[in-house]
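Student: 3D model of this:
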Amino acid sequence: MQYNDPFLNLSNNISTKKVTQKEESFLRNLYINSREDEPFLCSMSQTEKINFLSNQFYLKEQDYKLRFQDAHFLVLQRKKKNIGRITYKIKDTIHLIDLILSKKVRSKGFGTKIMQILISYAKYNNKVLELKVSTENLRALKFYHSLNLQITAQNRDYYTMQIHYKKEVA
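Tutor: All right, here's what the predicted structure looks like:
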């Protein structure tokens, strides 16, 4: 079954474009900036942190391309300026793989807008929206709870969170 992309018709505030080689530097810096304050990095010099996180970024990108070949890899933009990235795939479930916003636009409603688009799409198409969040990422956990996503599973490193709009078949 073919699904329409929920991000094709966004408001003037947010637009998307497919990730290309041109965005690699932006995406690497976005990744580094989103993780540079993690506690396990505190004993590293700034150069060591950047090198470690750059390597981690490239490994993650390779992993995503192999594991999620059918996913949408998009750069989020506002006024034609890159502000973040989103990676997701739509099958029977909408699987949010990655959502990162630059520090400049956090806490300004853009993450909520992106999630509302996915939640509306899930509701309209009678689907489950699912994502994983690090057990240590308390800010993201609080954010997803505020949008009514519920923890449905947990392992040592991640919570699986879902919001259900899939009708039960009797």
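Student: Now the lowest-mean-pLDDT helix or strand in the chain: buried residues?
Tutor: Of all helical and strand segments in the chain, the minimum by mean pLDDT, DSSP states H and E falls on strand 15-18, at a mean of 84. Neighbour counts using 16 or more other C-beta atoms under 10 Å place 15-16 of strand 15-18 among the buried residues. Backbone N, C-alpha and C define where each C-beta goes, glycine included.
Student: What of stretch 29-46?
Tutor: Applying 16+ other C-beta under 10 Å to stretch 29-46 flags 29-32, 34-35 as buried.
Student: try stretch 153-169
Tutor: For stretch 153-169, a neighbour-count test (16+ other C-beta under 10 Å) marks 159, 161-165 as buried.
Student: Tally up the residues packed near Leu149, please.
Tutor: Leu149: 23 surrounding residues under other C-beta atoms under 10 Å.
Student: Can you identify the element that follows whichever strand or helix holds Ser120 toward the C-terminus?
Tutor: Using DSSP states H and E, Ser120 falls within helix 110-124. Next along the chain after helix 110-124, taking DSSP H and E as the criterion, comes strand 128-134.
Student: what lines up beside that following strand in the sheet?
Tutor: Strand 128-134 has its sheet partners listed here by DSSP bridges as strand 93-101 (parallel), strand 158-164 (antiparallel).
Student: can you put those in CSV and add distance to Ser25 and mean pLDDT?
Tutor: Supplementary listing: the strands paired with strand 128-134 in CSV, determined by distance: least, C-beta to C-beta, whole Å; pLDDT from 0 to 100:
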stretch, distance to Ser25, mean pLDDT
strand 93-101, 15, 93
strand 158-164, 28, 93
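Student: Format those strands as a markdown table; extra columns: distance to Tyr58.
Tutor: Below are the strands paired with strand 128-134 laid out as a markdown table (distance: least, C-beta to C-beta, whole Å):
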| stretch | distance to Tyr58 |
| --- | --- |
| strand 93-101 | 15 |
| strand 158-164 | 21 |
